[in-house]
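Engineer: got a predicted structure plus its sequence, pasted below:
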Amino acid sequence: MAYAEKRGKGTKPWRVKYRRPDGSEGSESGFETKAAALRWGRDQEASISAGSWTDPDAGKMLVSEWIEYWQPAQDVGLSTTDTRGYLIRRFILPAWRNCALASLGADEIGAWEKAIPARTGVSRSTAADARSLLCTILGDAVTGKLIRYNPALRPRNRGRRTGRKLERSPQRAWVTPLQTLLLAERAALITGRAGDFTLIIAIGYTGLRWGEAIGLERPFLRKTAVEVEWQLREINGTFHRIPPKDDSYRSPKWEPCLPVDLPDFLAGLLASQAKDPSGRRCCCARAHGGSGQYLFLGPDGGHYRRSNYARRIFRPACDGRYEPAGAKPAKIVIVDATIAPGIPTALLACWLPVKPGLTPHGLRHSHKTWMTEDGIPEILAERRLGHEVPGMRPPPRRPDGPAPRGSQPGADTAGRARRCPQPARRPLPRKDDRPNSSQPGEGSRYPRLVLDSREETLAWSDDQTSAWA
């Protein structure tokens, strides 16, 4: 049972002692009165009895010490580990390194998040990511009973709503098939290599992610399709061969067993790209594993780095000029037009912008837009891109696959009636508007449902659909 004792003659001389769950005796000093000390001690004993007690001494652990213990225990991917490390080094540790876990408050964390964009020049979304990571770190501290509550939890329905839509990033740029062809031709003119033409066309017409495109190996190229089982991810200047994002496999070996089909012209381009007479392998295959026989390699046998490829090839092809670098201003693109197939109209060529702001990932969004315009079913389009579609939906069906259940000969008539497209509902006719004839047919404004025995399908009779319209 808790008891209080007076120690010294200061303004807060009272100390309370209580029994811990392990049987040892705990104490807490700094109370002005005996009653306050006893109240605090009895609260601790009540929490111990309820099983919700948190050791006050555990909250004295520094944030930096807890992060050192917490970070190695996380089971996340390489990319997430790298992103978390950046947020911890850049934002969390400089602000809370020497603070005790129990000393952090909600108001202090809110002010810290609000000041990040102005102090460091990053976006508000990055500041929100830093707070979310701090919330995760402190949430695990609550689970470990180091602190009683998580001060980084964001309160719901708080803050201003005006301007939130304006703070969102603009819609990602996308291109048409013709613009994709122009970008591919320009990239090939800039580098003088046909592989860059094939790379951009392949991303645009398959919807592959950048890492999946540069990580495409020859063993996964089929005659009419490509299988996506790996991607290359660049982390701190080093390439890693890892599974696709969110396990978005598109291969017969993994559900839903749907490889990425290729149009005939693209299958021919990739087949020509795979016929490399040198048979070279990437220079880092021994480090990250795999066959090393990648379809798209740089002139030195290395992989395309996203930032370098965007600055030297992709952005000039889209914008028509090289981006400014340091003290060097932007300059227009001038290429040798004689290396292009056919008869050149000029020795040198430059061009106007095709789609400013486009990124390689924007080609993936372009592919999704094309499928939407062509009426591709949503479930099949999302599976082609490697997305998981929530909810209960029918599985995708390949064009050469079996027909859906119920469309086979001999299916029940009730099932066909449920699948029959119904016209728009109209109010029931008034008594005066009903036809005089007792037989539905001539003179009736309302169609009748008939069964065509030859086709075994339900349909609206032709002589009544015009009246319905």
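Structural biologist: That came through fine.

Engineer: which residues of the stretch 151-300 of the chain score low on pLDDT?
Structural biologist: For the stretch 151-300 of the chain, the stretches with pLDDT under 70 are 157-170, 277-280.

Engineer: please enumerate the strands of it.
Structural biologist: 225-226, 231-235, 238-242, 260-261 (DSSP state E, counting those that start in this stretch).

Engineer: so what does the first one touch, helix or strand wise?
Structural biologist: In this structure, strand 225-226 packs against strand 260-261, with contacts taken as 3 or more Cβ pairs under 8 Å, 6 or more residues apart in numbering; DSSP states H and E. Just so you know, the C-beta spots here come from the backbone N, C-alpha and C atoms, and that holds for glycine as well.

Engineer: direction included, what does the strand it packs on pair against?
Structural biologist: Paired strands of strand 260-261, with direction, are strand 225-226 (antiparallel) (DSSP bridges).

Engineer: which residues are contacting the partner strand?
Structural biologist: Strand 225-226 is contacted from outside by 206, 208, 216, 220, 250, 259, 260, 261, 262, 270, using Cβ atoms under 8 Å, 6 or more residues apart in numbering.

Engineer: ok, 6 Å please
Structural biologist: 259, 260, 261, 262 (Cβ atoms under 6 Å, 6 or more residues apart in numbering).

Engineer: how many neighbouring residues does the last one have?
Structural biologist: Put plainly, it is residue 262. Here the number of neighbours of residue 262 (other Cβ atoms under 10 Å) works out to 21.

Engineer: before we move on, what about the second one?
Structural biologist: Around residue 260 there are 22 other residues, counting by other Cβ under 10 Å.

Engineer: and it, how far is that from residue 177?
Structural biologist: Distance from residue 260 to residue 177, counting by Cβ to Cβ, to the nearest Å: 17 Å.

Engineer: got it, and the last one?
Structural biologist: In this view, residue 262 and residue 177 are 15 Å apart by Cβ to Cβ.

Engineer: go on, the first one?
Structural biologist: Using Cβ to Cβ, one obtains 22 Å as the distance from residue 259 to residue 177.

Engineer: what values do phi and psi take at residue 349?
Structural biologist: Note on residue 349: its backbone torsions stand at phi -140, psi 150 [degrees, to the nearest 10].

Engineer: residues contacting it?
Structural biologist: 335, 337.

Engineer: likewise for residue 360?
Structural biologist: Shown in contact with residue 360 (Cβ under 6 Å, 6+ apart): residue 210.

Engineer: just the pLDDT at it, thanks.
Structural biologist: The per-residue pLDDT reported for residue 360 equals 92.

Engineer: OK, contacts around the closest residue to residue 229 other than its chain neighbours?
Structural biologist: Counting by Cβ to Cβ, 6 or more residues apart in numbering, the nearest residue to residue 229 once its immediate chain neighbours are dropped is residue 251, at 5.1 Å. Taking Cβ under 6 Å, 6+ apart, we find residue 251 in contact with 227, 229, 259.

Engineer: and which of the contacts of strand 225-226 is nearest residue 390?
Structural biologist: Taking Cβ to Cβ as the measure, residue 390 lies nearest residue 260 of these, at 22.0 Å.

Engineer: residues in contact with that closest one?
Structural biologist: Contact analysis of residue 260 by Cβ under 6 Å, 6+ apart lists 206, 225, 226, 250.

Engineer: returning to that earlier point: most packed of the strands of the stretch 151-300 of the chain?
Structural biologist: Compared across those, strand 225-226 shows the largest average neighbour count, a mean of 21 (mean count of other Cβ atoms under 10 Å).

Engineer: next one: that strand to chain centre, how far?
Structural biologist: With Cα atoms, centre = their mean, to the nearest Å as the basis, strand 225-226 stands 23 Å off its chain's centre.

Engineer: quick check: which element contains residue 28?
Structural biologist: strand 25-31 (DSSP states H and E).

Engineer: so what touches that strand?
Structural biologist: The contact list for strand 25-31 (Cβ under 6 Å, 6+ apart) reads 12, 14, 15, 16, 17, 18, 20, 37.

Engineer: which one (most neighbours) among those residues?
Structural biologist: In these, the most neighbours by other Cβ under 10 Å go to residue 37, 26 neighbours.

Engineer: that one sits in which helix or strand?
Structural biologist: helix 34-50.

Engineer: what's the first helix or strand after that helix?
Structural biologist: helix 63-70.

Engineer: quick one: that next one to chain centroid distance?
Structural biologist: The chain centroid and the centroid of helix 63-70 are separated by 28 Å under Cα atoms, centre = their mean.

Engineer: same for that helix, what does it pack against?
Structural biologist: helix 124-143 (3 or more Cβ pairs under 6 Å, 6 or more residues apart in numbering; DSSP states H and E).

Engineer: could you redo the last one with a cut-off of 8 Å?
Structural biologist: Under the contact criterion of 3+ Cβ pairs under 8 Å, 6+ apart, helix 63-70 touches helix 93-96, helix 124-143.

Engineer: tell me what angle the helix or strand that it is followed by forms with strand 231-235.
Structural biologist: Using DSSP H and E, the next helix or strand after helix 63-70 towards the C-terminus is helix 78-87. For helix 78-87 against strand 231-235, the angle by axes from the mean of the first three to the mean of the last three Cα atoms, to 10 degrees is 20 degrees.

Engineer: need the contact partners of helix 78-87.
Structural biologist: Defining contact as Cβ under 8 Å, 6+ apart, one finds that helix 78-87 is touched by 71, 74, 76, 129, 130, 133, 233, 235, 236, 240, 242.

Engineer: from those, which is closest to residue 361?
Structural biologist: residue 233 (14.0 Å).
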